[in-house]
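K.L.:
Give the three-dimensional model of this entry:
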Amino acid sequence: MGQFVTKQRRVARPDVRKGVAQGYSTLIRLSRVRHAHPDGLGVPPNDFRPPHDLWMTRDVNNRRVPVASLSGKRTALAAVVGCFVQSLVMLCTNCPTVCSHHDADCIRSLLRSAIVVCTIASVGCDTQPQTLPRPSSTPTATRFEGETLNAGKVKAPTEASQPSSGIGEGATIETADAPDSETVSARSYRPPDLRLRHDAERLNELGIHEYVSRRLILYTDIEPDLASILPPVIDRAFEAWEAYFGPLPPARDGSDYQLTGYLMRNQAPFRTAGLLPVQLAAFAHGKHDGQQFWMNDSDFDYYRRHLMIHEATHCFMQSMGGTTRDVPVWYLEGMAELFATHAIADDGTISFGVMPDLKENFIGFGRIPMIQRAIADGHSLTLDQVSRLQPKDFVESNESYAWSWTVCQLAATHPRYRDTFRQLGREYVEDGFQHTFAHLFDPLLADFDPEWTLFVRHLCYGYDIERAVMLFQPGIEIEQPDGQLTATVLATRGWQSSAMAVHSDQSYVITATGRTAVAQSPRPWESEPQGISIRWNEGTPIGRLLGIVISEPDQQTGYRRVSPVLDIGEKAEFTPPFNGTLYLRVNDFWNELNDNSGEYAVSLHAKSDEN
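P.N.:
Okay, the predicted model is just below:
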């Protein structure tokens, strides 16, 4: 997952941004019509984003930096061509019925020609563009605490309201000193806002109503009592995004960041009103582009909010700008699913990035049952396979969303990895995803991979990540011939290292004694190592002693191997499938470890011909 390949890029000029940024972005959207099929029902890549770094280059440290601006004549020419481009864009977007398919193709050809002319004009004959040093510092933000990403109150904001203090006081975007005011840092401005403005009174006649908050304008045909509560959710989500990824770059015109969403129970009036672009590919749930998203309505209140936050998260991440072309799909979709998985408390507080506790609180989510079915059917993916998922995989199967969510959920909430994973979210835009991921996560993958493997193997609603945290401790060799090793296994934890080394060419005898309590209601459920047969988890009685073998990292791949579960109980003989360390646990549901108590004393010795 951490491989990084340096790419050579052509250098373009910054005056393209001045004249044709909007035209170029919209041109790309028009150019990708009928991406897969001539009837326009093809699916564009999920990780598409306009080439905001067209005018960027790299310095000697392989960092993304802007090139210096050129002459005023080239800027003026770029502006003229940009106006021409934008006029054609408005014609295609607002008046789809005016243009036939043949006319639209001609217009797209003109748009491409205009961009070529503007690019040639902007590049000129210079061979050594000037570059700027990186900014001296970057904005910082307050960290999340615990397993949730952020929290806020759901209330209708006013125009004068300010974001919560989650992003820190006085956070600003700093730029390097330079003689030219047009010279700015790589993230100084976010991509242009290409949203269209609509006549709310005319839309009302079609049954489409407008609901506005600071961060979202929502157009929808669902009931007012369901729709009016949605925009404030995005206001709170915006605070969570900025607290996690860092503040967005400002707009060139100084405008506030806001999205436009189209929530459709019936697509027909939206097509009639021109709110559903003809070039937008068909979709089952939702699509996003720039600062806009479109989504079909859900029958479930939770999942309606989930889909909205998912698409809005894509919009925010697309607005971060910078170097984003190499961001893998598992991260884009996994982070959208992470933030979309939310909970609303009785007092209106929203928590994002939560572990779903009960199925009835997350109706429509379905990711956990998807993983459970895949595991039961023997179709589990490896971490490497998840990292190689392509956009088409998400079109063909919703399981791709589920697998991507598991990676981001564990990485974002696990005590050992969450700070590094958040650092990845704050740095990849500037330095490139593959480079940043390799730098931050390659040293951690040997531990993260087996923890993720066991996370998806045991995944359930309310999975207790904090108590399931593993400490990887290499095993100690047994002193032959009559030596033995001992260990203590706590009932309140998940898999625990026994510090016992085992080998595939040797058989072992393991015994256990002690007493634990694996429930407290209506009275303590006490168990010995053989377990309590009145209640079972994952095919074995709760309270029973279980084991697995985990290898040391492979010298070639860097990954550890994880064995199937070993059923131990009070006494067992076993031969490990490979060399490694024995890990043990007291069997119980992974969402009920918090009320356990007690421990087992375990001893291990090598089996000889005499015994």
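K.L.:
Lowest average confidence across helices and strands of the protein, where is it?
P.N.:
strand 151-153 (a mean of 36; mean pLDDT, DSSP states H and E).
K.L.:
following that one, which helix or strand comes up?
P.N.:
As assigned by DSSP states H and E, the chain's next helix or strand after strand 151-153 is helix 200-205.
K.L.:
With just CA atoms, put that following helix into CSV.
P.N.:
Output of helix 200-205 as CSV, limited to C-alpha atoms (Å, rounded to 0.1, in the frame of the first residue of the first chain):
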residue,chain,number,x,y,z
ALA,A,200,-36.4,29.1,-5.5
GLU,A,201,-39.9,30.4,-6.4
ARG,A,202,-39.9,28.6,-9.8
LEU,A,203,-38.6,25.4,-8.2
ASN,A,204,-41.4,25.6,-5.6
GLU,A,205,-43.9,25.3,-8.4
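K.L.:
Report the next helix or strand after it in sequence order.
P.N.:
Following helix 200-205 in sequence order, the next helix or strand is strand 209-212 (DSSP H and E).
K.L.:
Could you tell me which residues within that following strand count as buried?
P.N.:
Neighbour-count burial for strand 209-212 flags 209-211 (criterion: 16 or more other Cβ atoms under 10 Å). Any C-beta I mention is one placed from the backbone N, CA and C, and that applies to glycine too.
K.L.:
Give the rounded mean pLDDT of that strand.
P.N.:
Within the predicted structure, the mean pLDDT of strand 209-212 is 97.
K.L.:
Note down every partner strand of that strand and its orientation.
P.N.:
Within its sheet, strand 209-212 is paired with strand 216-220 (antiparallel), according to DSSP bridges.
K.L.:
Need the CA coordinates for the partner strand. PDB is fine.
P.N.:
These are the backbone C-alpha positions of strand 216-220, laid out as PDB (Å, rounded to 0.1, in the frame of the first residue of the first chain):
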ATOM      1  CA  LEU A 216     -25.400  23.700   2.500                       C
ATOM      2  CA  ILE A 217     -28.100  24.700   0.100                       C
ATOM      3  CA  LEU A 218     -30.400  21.700  -0.200                       C
ATOM      4  CA  TYR A 219     -32.900  21.300  -3.000                       C
ATOM      5  CA  THR A 220     -35.300  18.400  -2.400                       C
END
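K.L.:
can you pull the buried residues of it?
P.N.:
Along strand 216-220, these residues count as buried under the neighbour rule (16+ other Cβ under 10 Å): 216-220.
K.L.:
who's in contact with that strand?
P.N.:
Counting by Cβ atoms under 8 Å, 6 or more residues apart in numbering, the neighbours of strand 216-220 from elsewhere in the structure are 198, 203, 208-212, 227, 230-231, 234-235, 258-265, 270, 275, 297, 312.
K.L.:
again, only using 6 Å
P.N.:
The list of residues contacting strand 216-220 from outside it, by Cβ atoms under 6 Å, 6 or more residues apart in numbering, reads 208, 210-211, 227, 230-231, 234, 259-263.
K.L.:
Averaged pLDDT, that strand. What do you get?
P.N.:
For strand 216-220, mean pLDDT is 98.
K.L.:
Name the next helix or strand following it along the chain.
P.N.:
helix 224-227.
K.L.:
pLDDT of whatever helix or strand comes next after that following helix, averaged?
P.N.:
Stepping forward along the backbone from helix 224-227, the first helix or strand reached (DSSP H and E) is helix 231-245. Looking at helix 231-245 alone, the average pLDDT works out to 98.
K.L.:
what's helix 231-245 packed up against?
P.N.:
Secondary structure elements in contact with helix 231-245, counted by 3 or more Cβ pairs under 6 Å, 6 or more residues apart in numbering; DSSP states H and E, are strand 216-220, helix 301-318.
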